[in-house]
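Visitor: turn this into a structure:
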Amino acid sequence: MPTPETGLPDAWIRLWTPHRGQYLHDVRSDGTVEQECPFCSAPKVSEEDSLVVFKGKLNYVVLNLYPYNAGHLLVAPFRHFADFTSITDEESNEMQEITRKAISVLRKASGAQGFNIGMNQGPVAGTSVADHLHQHIVPRWGGDTNFMPIIGRAKSIPQLLKDTQILLAKAWIE
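Guide: Modelled structure (predicted):
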């Protein structure tokens, strides 16, 4: 029987994710994360420990640590800045070329049938890393949204991040 200390039962199923505790601990009051910028540090990590798929001259591609689907990629400039209006023409051109290549790679490596591509600018728009510009590329397949996220409020990702990184890095150079 619930008590005032344990709370009343409700309709939510809770998935406990203590591995995200540090992330929550580091969130500032404005919704941004107080930590070393993950988009500045990711390209410096050893290839073995990295989720980076490709490095260009001005931008790079990394797997999303909290993906919506297997193969969820992020394209980020090496340069640290927040707002899309601050991107240089060269950075923007390369970002778009890398995005085109990423779509081809994802189609070839995973059979993706469609894509969601976009940016969230600022914490109120849903970004968790507001101070470093990045673009999402989310591969989609018919039937990839099922009862789990809609009713179960859980997301099933059918591939480990490291396996996805190896698959896409290999397909990128083929």
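
Visitor: please make it C-alpha for all contacts and neighbour counts, starting now.
Guide: Noted.

Visitor: ranges for the helices of the chain?
Guide: 21-25, 38-41, 89-110, 147, 161-173 (DSSP state H).

Visitor: and the pLDDT for residue 165?
Guide: Looking at residue 165, its pLDDT stands at 89.

Visitor: all further residue positions should be reported with the first residue as 751.
Guide: Understood, numbering begins at 751; the last thing we discussed is residue 915.

Visitor: you'd agree it is up against residue 803?
Guide: Yes: between residue 915 and residue 803 a contact is recorded at 5.9 Å, counting by CA atoms under 8 Å.

Visitor: relative to residue 883, which of the helices of the chain is closest?
Guide: helix 788-791 (8.6 Å; CA to CA).

Visitor: any buried residues in that closest one, and which?
Guide: Across helix 788-791, burial judged by 16 or more other CA atoms under 10 Å covers residue 789.

Visitor: give me the mean pLDDT for that helix.
Guide: 94.

Visitor: CA atoms of that helix as CSV?
Guide: The C-alpha trace of helix 788-791 is given here as CSV (Å, rounded to 0.1, in the frame of the first residue of the first chain):
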residue,chain,number,x,y,z
PRO,A,788,31.0,16.8,-26.0
PHE,A,789,31.3,18.1,-29.5
CYS,A,790,34.7,19.6,-28.8
SER,A,791,36.0,16.5,-27.0
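
Visitor: run through who's touching that helix.
Guide: 826, 828-830, 882 (CA atoms under 8 Å, 6 or more residues apart in numbering).

Visitor: what does stretch 833-844 give?
Guide: Residues from elsewhere that reach stretch 833-844, judged by CA under 8 Å, 6+ apart: 806, 808-809, 827, 871, 881-883.
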